[in-house]
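Here you go, sequence then predicted model.
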Amino acid sequence: DAKTTQPPSMDCAEGRAANLPCNHSTISGNEYVYWYRQIHSQGPQYIIHGLKNNETNEMASLIITEDRKSSTLILPHATLRDTAVYYCIVRSNYGGATNKLIFGTGTLLAVQP
Amino acid sequence: EAGVAQSPRYKIIEKRQSVAFWCNPISGHATLYWYQQILGQGPKLLIQFQNNGVVDDSQLPKDRFSAERLKGVDSTLKIQPAKLEDSAVYLCASSNRDRGLQTQYFGPGTRLLVL
């Protein structure tokens, strides 16, 4: 079973920031938080990951709370092309079978014009 | 850098027929994964290879599904015989250890419809 809880859907106005929350209250010390998104009829796309510090790349920012029990993915200026299902996943990096990604049902983000 | 390639993109078969999917991972990626995604659900891991060895196939229905990665590069996933409930998107992903992390990159998937 997925170790994360996400809202099933969210709306965001085009050009505004999209803030997608994720709860992972049972995360352990060696587990990372990963975010993927899946645009309709495409494979999942890697967005960003983090352990305990906030992270930023060209696609998004990841804010992880100090207790690591929740995080927020931020798309600073959402466009219509950001409409997708966003998956928050926790997993370790010890290698072997621990590499597998356990997907939940994610959050469907609908960016409105 | 080329991404993960999969073929075919779409396949329609009748139940009890057999079908095979092909995956070519990102060059140099040692780990390869096959996922099944049923409509409305997140992807579910079927099998994971490290080079040409199986790391995890605990969720693979071995009575009808098989997969191989003979030379540690390309992989094929086969279903024989197919059932109606096998209708899904089959996703291939690959990863390599980079600074201690294994980030998976996915292909576009093969959409299978079993009639």
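Perfect, I can see it now. Numbering: from 1, shown residues only, chains lettered A, B, ... in the order given.

What is the burial count for the residue in chain B positioned nearest to chain A?
Going by C-beta to the nearest C-beta, chain A is nearest to B:Gly42 of chain B, at 2.8 Å. Where you see a C-beta, it was placed from the backbone N, CA and C, and this is true even at glycine. Counted with other C-beta atoms under 10 Å in any protein chain shown, residues neighbouring B:Gly42 total 20.

State whether it is indeed within a helix.
No. Read with DSSP: H, G, I helix; E, B strand; the rest coil, B:Gly42 is coil and lies in no helix.

got the contact list for the closest residue in space to it that isn't next to it in sequence?
Distances taken as C-beta to C-beta, 6 or more residues apart in numbering or on different chains put A:Phe103 closest to B:Gly42, at 2.8 Å, once the chain neighbours are dropped. Counting by C-beta atoms under 8 Å, 6 or more residues apart in numbering or on different chains, A:Phe103 touches A:Ala2, A:Tyr36, A:Pro44, A:Tyr87, A:Ile89, B:Gln41, B:Gly42, B:Pro43, B:Lys44.

who in chain B is up against chain A?
B:4, B:31, B:33, B:40-45, B:48, B:50, B:55-56, B:58, B:91, B:93, B:95, B:97, B:100-109, B:111 (C-beta under 8 Å from any C-beta of the partner chain).

Would you map the strands across chain B?
B:5-7, B:10-13, B:19-24, B:31-37, B:44-50, B:53-56, B:65-68, B:75-79, B:88-95, B:97-98, B:101-102, B:105-106, B:110-114 (DSSP state E).
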